[in-house]
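A.B. asks: output the structure for:
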Amino acid sequence: MLRDELVAAAEWVCQYLGQLPETPVSRPMPARRRARLRDAPLDRTGGELWQILDFVREEIAPFPTGNGHPAFFAWINSPPAPAGLIAELLASAINATCGMGENALMDLERGTVRTLADLAGLPSTAGGVLTSGGSMANLLALATARTWFLTRRGSADGPAYDRDHARLTLYYNAQAHMSVAKAAACIGIPAHRLRPIPSDTQHRLDPAALRAAVTADQAAGLLPFCTVTTLGTTATGAVDPLEPVTALCRSTGMWHHADGAWGGLGAMVPALAHLYQGVADVDSMTVDPHKTLSVPVGCGALLVTDPEYLHTAFSHRASYLTPGEPDTLPWLSHSTIELTRPGTRALALWATLHHLGGDGVAALLQHYLTLADRLREKITASPRLELVAGGPWPVACFRLTGTTTPDPGALHTRVARRVQTAGRAYLATVTVDDRTVLRACLCNYRTHESDLDLLLREVLQAADSDCAEPPDAPPRDRPSATAGHPVQSDDAVRTE
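C.D. replies: Numbers count the residues shown, from 1 in each chain. So this is what the prediction gives:
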């Protein structure tokens, strides 16, 4: 029975992925279906295994986020790499925890994290831990930075801790991901001691403004403990300058964390390498393999140049958790707040990297960059569109021109909603320089230039419809799902 249902599930997965490019990017979910998923009672008697596939096929798969589709451009959400799909199934069957005890998947995680650090350009001493994503990695990074800072001051506990913790201040680009401020709140840094630093004309953190803020806080008796730079901002794809920030952190005793959830591997791309000068000198870095590498969702990483700092921050003992021999490595639970940790992250990341190889990783990143260049060229060439921002990471922020609307931001919001509802493509809006504009990012290995043309046609058609119809009018047609198209392959990026 198990074998039959696994085979049926595998066949359905292949069919689902093969047909995906010909289906709507997303579908609105009826309220009754949403309520049915939320409120369904548990039957007293159990069901059959075959009912699981039927349930997914009928109730879950028809209503995706859309990120598997090659015409999805809204957020930095990738489709699953085939190697990652296979690895997650196998790791789930083994079902080992990568938190305590010793098992092969735990050593695989250590080795795969080491490979990830090499790709990111970090020194040979670097290590780290896999996480659920960038938000958790940023939380671990700030908690580690706090412990490191207070330990050096001799105030890691007792009244001195209370005194110094109440003066800690954090600095980051005003364009940083919202998870940085959320992580700060989780470790007890209130909003009034957060310092979003203004960015320059290229939306990068301004080192002069950072220095001024740190100097002012020191004069006021506060304790600057950490600066977060961003390698690939979510809104515009900007890369903050690393070397001047590290220099300031060294001179003032701060920790330098680089949030490279999106752009952490940019040092290995020749076109971007100059922006990553000094990356080896940061204290920690977030990388999200489930973004640019297409590892299935739930795989992030925190990389630290000295893993001992993680052990200092997170190592806790209990009589019911006794390590093995004295020469064994620290359990991975001593590097994070999780005790029970899934082995799926390690095996899915290893499988994806093994499938791509180093050259394949670089080619995959270059694929995204090349498409983004083409998209920006097409926007610039259009008489009805204006490129507002974008790059160096693969994103384009743009606006409609020649309109007479008194509220361009509302127009762009309506246009994005019309494109989403029509279902042939999907993009979002973002605020850039206090203006709401359209935003398209690229992180799907199945996306090709024809998908860029489709996106821009949909945007212009939605703009025309907005002028011709009331803002809340529904679209007049929607694509239908068709079957039979195999998964596209691209030898250059070796993802299938």
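
A.B. asks: domain ranges for the chain?
C.D. replies: Domain assignment for the chain, taken from automatic domain parsing, gives 1-27+64-95+358-496, 96-317+329-342.

A.B. asks: what ranges do the strands span in the stretch 151-300 of the chain?
C.D. replies: 168-173, 194-197, 223-230, 255-260, 284-287, 300-304 (DSSP state E, counting those that start in this stretch).

A.B. asks: okay, these in a markdown table with mean pLDDT and mean neighbour count next?
C.D. replies: Backbone N, C-alpha and C define where each C-beta goes, glycine included. Formatted as a markdown table, the strands of the stretch 151-300 of the chain follow (pLDDT from 0 to 100; neighbours: other CB atoms under 10 Å):
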| stretch | mean pLDDT | mean neighbour count |
| --- | --- | --- |
| strand 168-173 | 98 | 25 |
| strand 194-197 | 98 | 19 |
| strand 223-230 | 98 | 27 |
| strand 255-260 | 98 | 28 |
| strand 284-287 | 98 | 31 |
| strand 300-304 | 98 | 28 |
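
A.B. asks: save these as a markdown table, and put in distance to G133 too.
C.D. replies: Formatted as a markdown table, these follow (distance: least, CB to CB, whole Å):
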| stretch | distance to G133 |
| --- | --- |
| strand 168-173 | 18 |
| strand 194-197 | 21 |
| strand 223-230 | 16 |
| strand 255-260 | 12 |
| strand 284-287 | 9 |
| strand 300-304 | 4 |
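
A.B. asks: after the top helix by length along the chain comes which helix or strand?
C.D. replies: Secondary structure of the chain per DSSP state H: the longest helix is helix 344-381. Heading C-terminal from helix 344-381, the first helix or strand you meet, by DSSP states H and E, is strand 385-389.

A.B. asks: put the alpha carbons of stretch 372-389 into PDB.
C.D. replies: Provided in PDB are the C-alpha atoms of stretch 372-389 (Å, rounded to 0.1, in the frame of the first residue of the first chain):
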ATOM      1  CA  ALA A 372      16.800  41.300 -15.100                       C
ATOM      2  CA  ASP A 373      19.000  43.300 -17.400                       C
ATOM      3  CA  ARG A 374      16.700  42.400 -20.300                       C
ATOM      4  CA  LEU A 375      13.700  43.400 -18.300                       C
ATOM      5  CA  ARG A 376      15.100  46.700 -17.400                       C
ATOM      6  CA  GLU A 377      16.100  47.300 -21.100                       C
ATOM      7  CA  LYS A 378      12.500  46.500 -22.200                       C
ATOM      8  CA  ILE A 379      11.100  48.900 -19.600                       C
ATOM      9  CA  THR A 380      13.400  51.600 -20.700                       C
ATOM     10  CA  ALA A 381      12.500  51.100 -24.300                       C
ATOM     11  CA  SER A 382       8.800  51.300 -23.700                       C
ATOM     12  CA  PRO A 383       7.300  54.800 -24.200                       C
ATOM     13  CA  ARG A 384       4.700  54.100 -21.600                       C
ATOM     14  CA  LEU A 385       7.000  52.800 -18.800                       C
ATOM     15  CA  GLU A 386       9.800  54.400 -16.700                       C
ATOM     16  CA  LEU A 387      12.500  52.500 -14.800                       C
ATOM     17  CA  VAL A 388      12.600  53.900 -11.300                       C
ATOM     18  CA  ALA A 389      15.200  51.600  -9.600                       C
END
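
A.B. asks: and the contacts of that stretch?
C.D. replies: With contacts defined as CB atoms under 8 Å, 6 or more residues apart in numbering, stretch 372-389 is touched by 203, 235-237, 390-391, 393-402, 432-433, 435, 437, 440, 442, 449, 452-453, 455-456, 459-460, 463.

A.B. asks: weakest of the domains of the chain by average pLDDT?
C.D. replies: In terms of average pLDDT, domain 1-27+64-95+358-496 trails the rest of the domains of the chain, at a mean of 87.

A.B. asks: before we move on, back to that, can I have the buried ones of the contacts of stretch 372-389 as a ChimeraX selection?
C.D. replies: Selection of buried members from the contacts of stretch 372-389 for ChimeraX, criterion 16 or more other CB atoms under 10 Å:
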select :203,235,236,237,390,391,393,394,395,396,397,398,399,400,432,437,440,442,452,455,456,459,463
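
A.B. asks: which of the contacts of stretch 372-389 fall within helices?
C.D. replies: Per DSSP H, the subset of the contacts of stretch 372-389 in helices is 449, 452-453, 455-456, 459-460, 463.

A.B. asks: will you turn those residues into CSV that also has distance to I94?
C.D. replies: Compiled in CSV, the ones in helices among the contacts of stretch 372-389 are given as follows (distance: CB to CB, whole Å):
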residue, distance to I94
E449, 41
L452, 41
D453, 44
L455, 41
L456, 46
V459, 46
L460, 50
A463, 52
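
A.B. asks: now, the most widely separated pair of those residues?
C.D. replies: Between any two of these, the greatest separation by CB to CB is 21.7 Å, found for E449 and A463.

A.B. asks: re earlier: relative to strand 385-389, how tilted is the longest helix of the chain?
C.D. replies: Angle, helix 344-381 to strand 385-389, by axes from the mean of the first three to the mean of the last three CA atoms, to 10 degrees: 130 degrees.
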